[in-house]
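Participant: Sequence plus predicted model, see below.
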Amino acid sequence: MKVLRWGICTAGKISQDFSNAICDLKNHKIQAIASRSLEKAQELAGKVGAETTYASYESLAADPNVDIVYIGTVNIAHFPLCKLFLEAKKHVLCEKPLGVHAKEVGQMIDLARKSGVFFMEGIWSRFFPAYDKVRSLLSNGEIGDVKFITGDFCYDGFSIGSSHDKSLGEGAVYDIGVYLVQLATMVFGPNPILVQGVGGLTQTGVDEICSITLKYPNHKIASMVTCIAANSNNVASIVGTKGRINLLDSFQALSKLELVRGFPVPGMFEKEVFEFPHPCSDRPFNYPGSVGFQYQAQAVKQAIDEGKTEHPLMPWSETLAIHKIMDKLRHDVGYYRPDEETEKEKSLLN
């Protein structure tokens, strides 16, 4: 079977984790690493067995031995770097958020379509075995007609000095709220009939907290909270007429879920627990669950081997829909990008 040769764009923490997760996978090879700091690229290359290092992203795009590029840069750089690699006819897996607003995302998708290469936003959650189980339970009608979803994803970014730089495209919805939105679109679909965000901004002008409400036809509701100023349980529940599915243990990198039927009083409900331990690895990781990048990488390779340009679990149309939802949420709490100021002025007049 053909080996998929990866180029890694930047050598920061998330790129380190992705590289450590996939470097030992069969039929995957980290071919090259590019960073503005050649020293950092060389350091990571030595740890994960990459043959080539570059001090420029343009050199990585020109490398004929690289099949696909993983982009793990700061948010604001995703758009120009995706354009660079897509124009070079490289397959691209880009970390979320794919862009800092839906207009960028639409342009990237158009370019990927024109280039005829595989392109996907890195919503890794979709590829965990536990998410396969969730989808199976839903499709089999185990909890009946799904009525609502609840969830929270929050962490104290102030204590670690991250997620507050507007110039880098950071913020609660961009960085972690996207996982809540993708859960809602996975269950209910990409087209809510109402999107509403309530929250507030940090002193640096990004969304500190956002209460997310998505309403769908037939009175279906997703009600969720994301915040970068406090830690939460980071769990979610999908509730139906016959039962509920509780997504536990950091739902974005899911390894454990509960199927519950009945009223939540001792003796009046049934509970079944499903556990999906993450792969074992002796390699170091910066973030919990990062070894789970393996699932995403394997799914990407399978799609490429089958000649696909998008993955059915994370299609372009849904990616664009998610970003349109996030745009609305940001705007509702007063967070506009510099090139959206005209929209902000219009909203103030309404």
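Facilitator: Looks like it came in fine.

Participant: what's Leu86 sitting at in phi/psi?
Facilitator: As for Leu86, its main-chain torsions (degrees, to the nearest 10) stand at phi -70, psi -40.

Participant: Counting neighbours, what do you get for it?
Facilitator: A total of 25 residues lie near Leu86 under the criterion other CB atoms under 10 Å. Bear in mind the C-beta positions are built from the backbone N, C-alpha and C, glycine included.

Participant: repeat for Met268
Facilitator: Considering only other CB under 10 Å, Met268 is surrounded by 8 other residues.

Participant: Same check on Ile109?
Facilitator: Ile109 has 22 neighbouring residues, counting by other CB under 10 Å.

Participant: That one is in contact with Phe119, isn't it?
Facilitator: Yes - shown here, Ile109 and Phe119 form a contact pair, counting by CB atoms under 8 Å, at 7.1 Å.

Participant: check contacts around Phe285.
Facilitator: Contacts of Phe285 were listed using CB atoms under 8 Å, 6 or more residues apart in numbering, and they are 17, 20-21, 291.

Participant: Please repeat the previous calculation with a cut-off of 6 Å.
Facilitator: In this structure, Phe285 makes contact with Asp17, judged by CB atoms under 6 Å, 6 or more residues apart in numbering.

Participant: which is the next helix or strand following the one helix or strand Phe148 maps to?
Facilitator: Counting by DSSP states H and E, the secondary-structure element that holds Phe148 is strand 146-154. Taking DSSP H and E as the definition, the helix or strand that follows strand 146-154 towards the C-terminus is helix 172.

Participant: going on from that following helix, what's the next piece of helix or strand?
Facilitator: Along the chain past helix 172, the next helix or strand (assigned with DSSP H and E) turns out to be helix 178-188.

Participant: I'd like to check the angle between that following helix and strand 146-154, please.
Facilitator: If you take axes from the mean of the first three to the mean of the last three CA atoms, to 10 degrees, helix 178-188 sits at 170 degrees to strand 146-154.

Participant: Show me what helix 178-188 is packed up against.
Facilitator: Contact here means 3 or more CB pairs under 6 Å, 6 or more residues apart in numbering; DSSP states H and E; on that basis helix 178-188 packs against strand 146-154, strand 220-227, helix 316-332.

Participant: for the stretch 101-250 of the chain, what are the low-confidence residue spans?
Facilitator: Scanning the stretch 101-250 of the chain with the threshold set as pLDDT under 70 gives 160-163.

Participant: wait, Gly199 sits on Val333?
Facilitator: Yes - assessed by CB atoms under 6 Å, Gly199 is found in contact with Val333 at 4.1 Å.

Participant: Adding distance to Asn234, write the helices and strands packed on helix 178-188 out as CSV.
Facilitator: Formatted as CSV, the helices and strands packed on helix 178-188 follow (distance: least, CB to CB, whole Å):
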stretch, distance to Asn234
strand 146-154, 5
strand 220-227, 10
helix 316-332, 18
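
Participant: Which of the ones you listed sits closest to Ala102?
Facilitator: Nearest to Ala102, of all these, is helix 316-332, at 4.1 Å by CB to CB.

Participant: Would you mark the buried spots in that closest one?
Facilitator: Within helix 316-332, the residues that qualify as buried are 316, 318-332, counting by 16 or more other CB atoms under 10 Å.

Participant: same thing with stretch 36-54?
Facilitator: Within stretch 36-54, the residues that count as buried by 16+ other CB under 10 Å are 40-42, 44-45, 47-48, 50, 52-54.

Participant: how about the CA coordinates for stretch 310-319, as PDB?
Facilitator: The C-alpha coordinates for stretch 310-319 follow below in PDB (Å, rounded to 0.1, in the frame of the first residue of the first chain):
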ATOM      1  CA  GLU A 310     -13.500  15.700   0.800                       C
ATOM      2  CA  HIS A 311     -14.400  13.300   3.600                       C
ATOM      3  CA  PRO A 312     -18.000  12.300   4.100                       C
ATOM      4  CA  LEU A 313     -17.700  12.800   7.800                       C
ATOM      5  CA  MET A 314     -16.500  16.400   7.400                       C
ATOM      6  CA  PRO A 315     -17.700  17.500   4.000                       C
ATOM      7  CA  TRP A 316     -17.000  21.000   2.600                       C
ATOM      8  CA  SER A 317     -20.700  22.000   2.700                       C
ATOM      9  CA  GLU A 318     -20.900  21.400   6.500                       C
ATOM     10  CA  THR A 319     -17.500  23.100   7.100                       C
END
